[in-house]
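[1] Pasting the sequence and the predicted coordinates here, then a few questions.
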Amino acid sequence: MRILTSRPVLTACNTLYRATGGVLGAWWFGQPILLLTTVGRRTGERRVSGLVFLRDGGRYVVVASDNGAASRPGWYFNLLASGGGAIQYRRTRQVVTAHEAEGEERERLWPPLLQVYSGYDRHQARAGRPLPVMVLTPVTS
């Protein structure tokens, strides 16, 4: 399954998600979806991406799969450049810091991610590389 690809469709879905507080859009074919907002590292523009996620305690875990593309998605590089962004899940919006899970942490998170969306294995095979697993930790004030 290929999840939303065209910019106009993505923009409309993100707008609908925000307007309804996630009543429409927080689930896509049975998978939980959050909105990740990053700032473009070159353009400085805000970018919003709808992503399947896993909860790990109070953290959110997402995969930079880009449907198995050879290159990583722009939001991945934006997160690395800025160290974080903002997320919305349903009506809850939070500022987050981000780091890439590696080693034991990635190994621990990968099986539950496959339970949320089994297609990540296909994406990883298509990409020919390990897919980055990003951990988003809410910033508490």
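    That came through fine.
[2] Next, report how far stretch 49-61 is displaced from the centre of its chain.
    Here stretch 49-61 is found 7 Å from its chain centre; the criterion is Cα atoms, centre = their mean, to the nearest Å.
[3] in that stretch, what's buried?
    49-54, 56, 59-61 (16 or more other Cβ atoms under 10 Å). Every residue, glycine included, has its C-beta placed from N, CA and C.
[4] among those, which are in helices?
    Among the buried residues of stretch 49-61, no member is found in helices (DSSP state H).
[5] So for this protein, the centremost residue is which one?
    L51 (3.7 Å; Cα atoms, centre = their mean).
[6] Grab the nearest non-local neighbour of that one.
    V62 (4.6 Å; Cβ to Cβ, 6 or more residues apart in numbering).
[7] With L54 instead?
    Distances taken as Cβ to Cβ, 6+ apart place V61 nearest to L54, at 4.3 Å, with adjacent residues excluded.
[8] Verify the contact between the one you found and M134 for me.
    Yes: here V61 reaches M134: they are 7.1 Å apart, a contact under Cβ atoms under 8 Å.
[9] what do those two both touch?
    In the contact map built from Cβ atoms under 8 Å, 6 or more residues apart in numbering, the residues linked to both V61 and M134 are A101.
[10] ok, which stretches of the protein are strands?
    Using DSSP state E, the strands of the chain run over residues 27-28, 31-39, 46-52, 54-56, 59-63, 84-89, 92-101, 133-138.
[11] Nearest approach to W110 belongs to which of these?
    Closest of the strands of the chain to W110 is strand 133-138, at 6.9 Å (criterion: Cβ to Cβ).
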